[in-house]
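# Model the structure of this input:
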Amino acid sequence: MKLVICHLYPDLMNIYGDRGNVIALAKRCLWRGIDVEVKSLGLGDKVEPGAYDIFFMGGGQDKEQVMVSHDLYETKGETIRREIEQGACALVICGGYQLFGNFYRPAEGEELPGIGVFDAYTIAGSKRFIGNVFVETCLDGRKTTVVGFENHSGKTYLGKNERPLGEIIVGYGNNGEDKTEGAVHLGAIGTYLHGSLLPKNPELADFLIRKALKRTYPGRDIEALDDSVENLAHKHAIKRAKKTH
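Numbering: from 1, shown residues only. The predicted model follows:
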C-alpha cells in the first residue's frame, strides 16, 4: 500500500510547527507498513487529478496568504475541491483553513478568494485569539477530544449546514462567539489549531489516514499503534489548557 501526501506551499505557509503534521502522518503510515510519498506544490504548480490522497496546508501571515490566495484559487482550487468530493482528504491549518473557505476579508487590502471546500467565510477581527485550546468532537461516530494552540485574529463563520470539527471547552475557536472550532467536510478538516496538531492527537491523524485509504484501498483498515506517549502528551495538553482558562 502507498499513500501520497500533497504539501501545499511549504515554503510560505508553515508556522508554529505546522510541517510536523506531515511528518506525523508519514510516520504513522510507515509504522504500519504503508509506504508514503510527500510531494510539495508551490506557486504556479498544478494539481494532477488522482495523484494525491491527502492534501495539507499550514498557516501563514497575511502577507503570505495574499501571495498564495490567487494561485490557490486560479491554479489548484477546482481540482482540489473535486478530489475531496471524490474521496481524497485534507488537513488545513489557520490561514490554509481560511483559504479553503469561501473568502477571507482582511482588515486592509483586497478580499482574498477561497476555494470553497468548506461553506465558511472569514473576516479580520480587532482581537487576537491566542492560547491553548481544548475541543470535544466526534470522529466516525466516536466521541473524543482534540487539543492544540491557536493564534489568529480572523473570525470564521460556518454556513448553516457545515459541520464544525468540535465544540470549544477551552479557547476561542472559529470566532470566539459560537463555541465552534474548525470545520469538517467529507474527509477534509479545517482548524485553527497549531502545535503541531497531529503528534498529540493520534485519533485525528488516524481519521485522515483511514479516509485516505478508503479511497485507494476500499475495505482496508489500519491496526492500532502503541500511542501511550502520544496520549500522555494529549492529557498534559488538556491540563495546561484548563489551567490557563
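
# pLDDT averaged over stretch 116-136, what's the number?
Average pLDDT, stretch 116-136: 96.

# Numbering from 577 from now on, please.
OK, 577 is where the count begins now, so the last one is stretch 692-712.

# Quick one: distance of it to the chain centre.
12 Å (C-alpha atoms, centre = their mean, to the nearest Å).

# In that stretch, which residues are buried?
Neighbour counts using 16 or more other C-beta atoms under 10 Å place 692-701, 705, 708-711 of stretch 692-712 among the buried residues. From N, CA and C alone the C-beta is placed, and that goes for glycine too.

# again with stretch 719-739
720-726, 728-734, 738.

# helices or strands next to the worst-scoring helix or strand of the chain on mean pLDDT in the packing?
Lowest mean confidence among the helices and strands of the chain (mean pLDDT, DSSP states H and E): helix 638-647, at a mean of 90. If contacts are counted by 3 or more C-beta pairs under 8 Å, 6 or more residues apart in numbering; DSSP states H and E, helix 638-647 sits against helix 671-675, strand 688-689.

# Out of these, the one nearest Asn777 is which?
helix 671-675 (15.6 Å; C-beta to C-beta).

# which residues does Lys790 contact?
Shown in contact with Lys790 (C-beta atoms under 8 Å, 6 or more residues apart in numbering): Gly663, Arg796.

# List of residues touching the least confident helix or strand of the chain?
Taking C-beta under 8 Å, 6+ apart as the rule, helix 638-647 contacts 584-585, 588-589, 619-620, 636, 671, 674-675, 680, 682, 685-686, 688-690.

# Please type out the PyMOL selection for whichever of the residues you listed turn out to be buried.
Entered in PyMOL, the line below selects the buried ones among the contacts of helix 638-647, by 16+ other C-beta under 10 Å:
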select buried, resi 584+585+588+589+636+671+674+675+680+682+688+689+690
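
# pretty sure Glu779 contacts Val723?
No: using C-beta atoms under 8 Å, Glu779 is not in contact with Val723, being 11.1 Å away.

# before we move on, back to that, I'd like the helices and strands packed on helix 638-647 laid out as a markdown table, including distance to Ala800 and mean pLDDT.
What follows is these, written out as a markdown table (distance: least, C-beta to C-beta, whole Å; pLDDT from 0 to 100):
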| stretch | distance to Ala800 | mean pLDDT |
| --- | --- | --- |
| helix 671-675 | 29 | 96 |
| strand 688-689 | 41 | 96 |
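
# Including distance to Lys615, could these go into a markdown table?
Shown next, in a markdown table, are those (distance: least, C-beta to C-beta, whole Å):
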| stretch | distance to Lys615 |
| --- | --- |
| helix 671-675 | 17 |
| strand 688-689 | 24 |
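
# between those, which one is nearest to Ile745?
Closest to Ile745 of the helices and strands packed on helix 638-647 is helix 671-675 (C-beta to C-beta; 19.6 Å).

# just checking, what packs against the closest one?
strand 630-633, helix 638-647, strand 718-734, strand 764-767.

# So in the protein, which helix runs the longest?
helix 804-820 (DSSP state H).
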